[in-house]
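Visitor: Compute the structure for the input listed below.
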Amino acid sequence: METYPGISPQPLLLLFVFMLLFHALHSSDVSTTKPSTSLYDCDQCHRTKERHVSTIRNRLNPDEKDIDIIATYTDASGHVRLSRLKMRDLSDSWIWENPTNGNTEYQKSSQELMESFQTDSSFEDNPKHTIDERYPEENKVQIPRSSSITPMKIKRQEMRQERRKARTAELTQENRETNNRIVSAAIKHTEGFDTTIKGKYSIWRREYENPNSDSTLKLMRDQIIMAKAYANIAMSKNKTDLYEALVKHSSNSQRAIGEASSDTELHLGALDRAKVMGHVLSIAKDQLYDCLLVARKLRVMLQSTEDTVNIQKKRSAFLIQLAAKTVPRPLHCLPLQLATDYYLQGYHKKGNLDKEKIEDPSLYHYAIFSDNVLATSVVVNSTVQNAKEPEKHVFHIVTDKLNFAAMRMWFLTNPPSKATVEVQNIADFKWLNSSYCSVLRQLESARIKEYYFKANHPSSLSVGSDNLKYRNPKYLSMLNHLRFYLPEVYPKLNRILFLDDDIVVQRDLTPLWSIDLKGMVNGAVETCKESFHRFDKYLNFSNPLISNNFSPEACGWAFGMNMFDLKEWKKRNITGIYHRWQDMNEDRTLWKLGTLPPGLITFYNLTYPLDRGWHVLGLGYDPALNLTEIDNGAVIHYNGNYKPWLNLAVSKYKSYWSRYVTLDNPYLRVCNLSEL
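Guide: Numbering: from 1, shown residues only. Take a look at the predicted model:
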């Protein structure tokens, strides 16, 4: 070793060793710090953000103390290493948060920077239509403020977003396919709807339509429908406040409408309610509108409403049938009072008068089969009051055993002017028994009893609602079928005019006896108009017994006012034809119960069409009849459930019937029938 004069070599050696050790330690610190920096610092990140973060951190925390940090990292060989470094050695791109630090402003700035970094580093594959734009809440990636942003995490985020895109497209396609299936099912369902407007009620007639009227009422009803749809969507998305607002304003609008049928009937504040509702719907549309979702909700509402309407129709049909066959208290009172006086006052000992007139074929004879005293009196009174020669008119009334005393008492105490009235009890017709009459024999069968009297039977009222009207007890009464035995009831007559008890006579009917029926048995008014009331409406043409013997296009006609030629009846054995077809229909496969279908069959090609002016029908079901036609009709018929003596009656038709009720009759006053 070379030495210098005057200098000892030992100190120099020590100085050299110290410098080597210092250099080694310094190299160790540098090598220890760099992996830690590369672990947390991203050199590929935007350096502008680093400078921005550093500047804000220095500005917000100028007095920040240095902090010792122990960093854990994995080196290139995969071994876990520990290293100590200082806060000042970190890159400016780092964001430091101390959970115990009360500097909320610093934390807020750090969070904003992290969110800004997240937004700027989002995908740029499709800048116009990003996932965040279409799904701002569901697809936003929430990154904790204390987490680091590395290229690997960004890559994972991109992969997650791609998977979400693919899943969203898959769900959208499934949703579109489901929606198409629902639409197809709805279209197929609506194809079976019966859109025929039965009865042609006046509210559906085109002459009453005005597209510009009642705009406010229509608007409010539409708003209520949309509010219900949006309320369902709001509930499914947990938008409680919006849901409550929609329900509240929908209820307010409904109360404002009330039972109004036009704008003039709306409450004073209805328009203001409509404006408020419009504002709420606008907010709901901004927050909830999705075309497919709204369409699906409306379709569900439509189907639900259709089901509700069908249920209500069945209930309404049942209640109307129940009301139609229920005897009101005043009408129940009348026969009781009459029957009581019939026996107490000795009228049961009196015999029939004018026996010669009763069997005289040269007079004008009428047949009325009824158990309704008041209705029968209107038929007789209206006929006699409009007859030019009432003394030539003879009325043959047949009733049941229960009402025989009341019916006879009425006409004994209230005889029509000059006309002759005969009252008979159907129980006195001994020849009318189950061995001769097909209907009586069928009524004794267990099948018919189950059909009518077992509520839980599959064919009960709750299931067979389409045929409710055929379950009316009147179809079980032989009074209803007695019209097929007229020659047996009146063997000495040549012609007889059959009248139902729900008709009113407005003209002299004498000319009917001079009409030439041209060899036909039945003279009746045809009811077919266009495709309505033809044979296919009443008979089952899927059965070969019907399709092979009758034409489905044959025109129907009405019972209620029928001129029968009893000579031709006997010659053609009409009662035998009726019995044969009635026996074949014991299982009710050819037609439902009633008298019109077997009448159409029995008198097929044996009916002479009368002029329509003789018989005007529909006053018991159609509120839109032509009043001029009614006024000019010789006989008007309340066929249907809305009988004129019931509260169901159409009010504008009731006066045609009530004018022939003797309001000053003491029996009517006692039974509160004086206001009919």
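Visitor: Tell me who's in contact with D501.
Guide: With contact taken as Cβ atoms under 8 Å, 6 or more residues apart in numbering, D501 is in contact with I368, F369, S370, N372, A375, T376, V379. Where you see a C-beta, it was placed from the backbone N, CA and C, and this is true even at glycine.
Visitor: Pretty sure W645 is one of the things the fifth one touches, is it not?
Guide: Yes: with contact defined as Cβ atoms under 8 Å, A375 counts as touching W645 (6.3 Å).
Visitor: Take the contacts of D501 and keep only those in helices.
Guide: Secondary-structure check on the contacts of D501 using DSSP state H: residues within helices are A375, T376, V379.
Visitor: hmm, back to that, specify which member of the contacts of D501 is nearest to R315.
Guide: N372 (26.9 Å; Cβ to Cβ).
Visitor: Wait, the closest one touches H332, no?
Guide: No: between N372 and H332 there is no contact, the gap being 11.0 Å when judged by Cβ under 8 Å.
Visitor: Just want to know which of those two has more residues nearby.
Guide: Neighbour count, other Cβ atoms under 10 Å: between N372 and H332, N372 has more, with 20 against 11.
Visitor: Not counting its neighbours along the chain, what's nearest that one?
Guide: D501 (5.4 Å; Cβ to Cβ, 6 or more residues apart in numbering).
Visitor: Quick check: the one you found is in a strand.
Guide: No: with DSSP: H, G, I helix; E, B strand; the rest coil as the criterion, D501 is assigned coil and is not in a strand.
Visitor: any idea how far it is from L336?
Guide: In this view, D501 and L336 are 19 Å apart by Cβ to Cβ, to the nearest Å.
Visitor: For L539, list the residues it contacts.
Guide: Contacts here follow Cβ under 8 Å, 6+ apart; on that basis L539 touches I546, F550, P552, L590, W591, P597, L600, I601.
Visitor: could I get the residues you listed as CSV with neighbour count and distance to F564?
Guide: What follows is the contacts of L539, written out as CSV (neighbours: other Cβ atoms under 10 Å; distance: Cβ to Cβ, whole Å):
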residue, neighbour count, distance to F564
I546, 23, 24
F550, 17, 21
P552, 12, 26
L590, 19, 23
W591, 19, 21
P597, 22, 18
L600, 22, 15
I601, 23, 16
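Visitor: Could you save those residues as TSV and add columns showing distance to I154?
Guide: Rendered in TSV, the data for the contacts of L539 read as follows (distance: Cβ to Cβ, whole Å):
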residue	distance to I154
I546	81
F550	84
P552	78
L590	81
W591	81
P597	82
L600	85
I601	87
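Visitor: ok, so of those, who is nearest P416?
Guide: L600 (33.0 Å).
Visitor: For the chain, which helix extends over the most residues?
Guide: Among the elements of type helix in the chain, defined by DSSP H, the one spanning the most residues is helix 151-191.
Visitor: helices or strands up against that one?
Guide: Using 3 or more Cβ pairs under 8 Å, 6 or more residues apart in numbering; DSSP states H and E as the contact definition, the elements that helix 151-191 packs against are helix 131-134, helix 291-325.
Visitor: how about these, which one is nearest E265?
Guide: Proximity of the helices and strands packed on helix 151-191 to E265 was assessed by Cβ to Cβ; the nearest stretch is helix 291-325, lying at 23.2 Å.
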